[in-house]
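In: this is a predicted model, with the sequence first.
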Amino acid sequence: MIISKKHNFIYIGIYKTATTSIQKHLAGRLNPIRKPKIGTRFVPNIDDPIVDKDLIGGANETQEERHRDILTAKKLYLEDETEENWDKLYIFSFVRNPFDLVLSHFNYKRKVIRKMLEKFPDKKLTTEQELFLSLDFSDWVKEFGSINFMPNDHADQYSVLSDNDDKLLVDDIGR
């Protein structure tokens with residue numbers, strides 16, 4: 001998630017939809033710097049007159065922080081702003097074909113486990129990790145297809161972008 005008060009936009013990053021790439025691009029254009037010891041919020045380079053001095057979020061956040069939902073974004077934004085300003089924001093996100101998203105998650109998780117084994121060859125895998133590596137994609141979907149793997153307890157992409165009444169709160173959704 002990136003909130004830019006200067007440019008009046010919010011980008012909501014959904015898991016496995018190129019969030020890191022989009023955030024790196026936006027953060028590079030907005031030219032913030034990270035200030036040590038303040039969590040993961042970006043602090044702009046105050047010597048640069050074109051930077052976004054009110055930028056929240058960015059590619060250096062944790063996975064959970066990069067993939068905050070629209071209601072969390074609204075709560076963070078309204079800490080310092082009014083509902084009137086919220087209504088003026090341009091809010092956008094990207095979604096992915098659900099099958100492709102599941103396949104991407106499977107490949108990513110497998111890659112992470114294998115890299116961990118390369119780096120730490122003596123590391124003992126958990127039972128879940130061993131099972132995961134033993135399954136091919138179709139077996140994994142049959143076994144774990146109903147398990148929610150999206151961060152922040154969201155069951156689907158739509159729920160990340162909508163309020164508690166299932167009303168969509170974004171202006172644009174890219175595919």
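Out: Ah, there it is. Numbering: from 1, shown residues only.
In: need phi/psi at N164.
Out: When quoted as degrees, to the nearest 10, the phi and psi of N164 stand at phi -70, psi -20.
In: I'd guessed it sits against L71; true?
Out: Yes - in this structure, N164 sits in contact with L71. The criterion is Cβ atoms under 8 Å, and the distance is 7.4 Å. Just so you know, the C-beta spots here come from the backbone N, C-alpha and C atoms, and that holds for glycine as well.
In: higher neighbour count, the two?
Out: Set side by side, N164 and L71 show more neighbours around L71, with 15 against 7, by other Cβ atoms under 10 Å.
In: what about the more buried one, which SS state?
Out: helix (DSSP: H, G, I helix; E, B strand; the rest coil).
In: what does the model give it for pLDDT?
Out: Note for L71: predicted pLDDT of 91.
In: again, but for I46
Out: At I46 the predicted local confidence, pLDDT, stands at 44.
In: packing partners for the longest helix anywhere in the chain?
Out: Ordering each helix of the chain by length in residues (DSSP state H) puts helix 98-119 first. Contact partners of helix 98-119 among helices and strands, from 3 or more Cβ pairs under 8 Å, 6 or more residues apart in numbering; DSSP states H and E: helix 127-134, helix 137-144.
In: spatially central residue in this structure, please.
Out: Centroid-nearest residue in the chain, with Cα atoms, centre = their mean: H67, separated by 2.5 Å.
In: measure that residue to D166 for me?
Out: Noted for H67: a distance of 19 Å to D166, by Cβ to Cβ, to the nearest Å.
In: with F120 instead?
Out: As judged by Cβ to Cβ, F120 and D166 stand 44 Å apart.
In: got the contact list for stretch 159-171?
Out: When contacts are defined by Cβ atoms under 8 Å, 6 or more residues apart in numbering, stretch 159-171 is touched by residues 12, 14, 67, 69-71, 74, 90-93, 150, 152, 154, 158, 173.
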